[in-house]
Each structure stands twice: as structure tokens, then as C-alpha cells.
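[1] The following comprises the amino acid sequence and a computationally predicted model.
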Amino acid sequence: MRFDQHTVVLLVRSADPPELPQDAIDRLQDAHLAHQAGLVEQGLVLAAGPFLHPDNDLLRGFVVLSIAPDEARALYADDPAVRAGRLVAQVASWLVPEGNVRYEGVPIPRSMLAAAAGD
């Protein structure tokens, strides 16, 4: 059997995130979304989105990328929420049977306002 290899990033809430006022958290979330959208626009991110109701409260998001794990580590080390200590990026390779998973060119929001508006 042949396999497709993807790089995945689990975005996990830091065990000890810095205390920030809500407006700073909101700005940081917008910066994180803009960073993510920029990676999509470059064709590096195939799919991305948040988790809802995870068994582990620290799980925040999942990203599938078209690049090598080391490149993903470098890109997510530059994510504003990671740099601020709010998120940790855990990177791994993911194997799926060839052709089993397909990705459509669906845009992701650049801000919380765009996400709420469905843009």
C-alpha cells in the first residue's frame, strides 16, 4: 500500500500561559489568525481549524501542512500566539493511504470579526 505523508500541527494551550487582559488576548488571537491565513495564502496550509469540546481542555487547533516537519516547526515558532506563550505547537508526520484525504481551497478567517461574520 502507498501512503501520502502530511505534516500536522496540534496547537495546544500552554500549561502556564501568561496572564493578559481580554483586549490583549483578542489582539493576539487576531494576530494568530492572520498568521495562519498568511500560511494558507502561501499554499503551505491545506486545512486548519479549532477543536470544539475536546476531551483534553488544552487542545486548541489542528493544522495540516504541505511542508516538512522542520519547516512547520519554524513557521509555528513565529506564530504570535506561540511567541507570546499562549500556544504550543506540537508537530508530527501523518501517514494516510494514498488519495484517502483531499483538501479543498477553502479560505480561513484573518480575524475573530471575520470568523464571526462567516467571511
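    It's in. Nothing here was measured: the structure is a model prediction, and the numbers come from that model.

[2] before we move on, could you check phi and psi at the nearest residue to residue 86 once chain neighbours are set aside?
    Of all residues not flanking residue 86 in the chain, residue 17 sits nearest, at 4.8 Å (C-beta to C-beta, 6 or more residues apart in numbering). Yep, even glycine has a C-beta here, placed from its N, CA and C like the rest. The phi/psi pair for residue 17 (degrees, to the nearest 10) reads phi -70, psi 150.

[3] Could you report the neighbour count for residue 17?
    14 (other C-beta atoms under 10 Å).

[4] again with residue 12
    16.

[5] Check what pLDDT it gets.
    pLDDT, residue 12: 97.

[6] Would you state the helices of the protein in chain order?
    22-41, 69-77, 80-83, 112-117 (DSSP state H).

[7] Now for residue 101, how many residues are close by?
    By other C-beta under 10 Å, 13 other residues sit near residue 101.

[8] Could you tell me how far the worst-scoring helix or strand of the chain on mean pLDDT lies from the centre of the chain?
    Within the chain, no helix or strand scores below helix 112-117, which has a mean of 83 by mean pLDDT, DSSP states H and E. Offset of helix 112-117 from its chain centre (C-alpha atoms, centre = their mean, to the nearest Å): 17 Å.

[9] which parts of that helix are buried?
    Neighbour-count burial for helix 112-117, counted by 16 or more other C-beta atoms under 10 Å, picks out residue 114.

[10] For the residue positioned nearest the centre of the chain, name its beta-bridge partners.
    Centroid-nearest residue in the chain, with C-alpha atoms, centre = their mean: residue 63, separated by 4.4 Å. For residue 63, the beta-bridge partners under DSSP bridges are residue 9, residue 48.

[11] show me what contacts it?
    8-9, 11, 36, 45, 47-48, 72 (C-beta atoms under 8 Å, 6 or more residues apart in numbering).

[12] So which of those residues is the closest to residue 85?
    residue 11 (13.0 Å; C-beta to C-beta).

[13] Contact partners for that closest one?
    Contacts of residue 11 by C-beta under 8 Å, 6+ apart are 59-63, 76, 81, 87-90.

[14] ditto for residue 94
    5-8, 64.

[15] 6 Å instead, please
    By C-beta atoms under 6 Å, 6 or more residues apart in numbering, residue 94 lies in contact with 6, 8.
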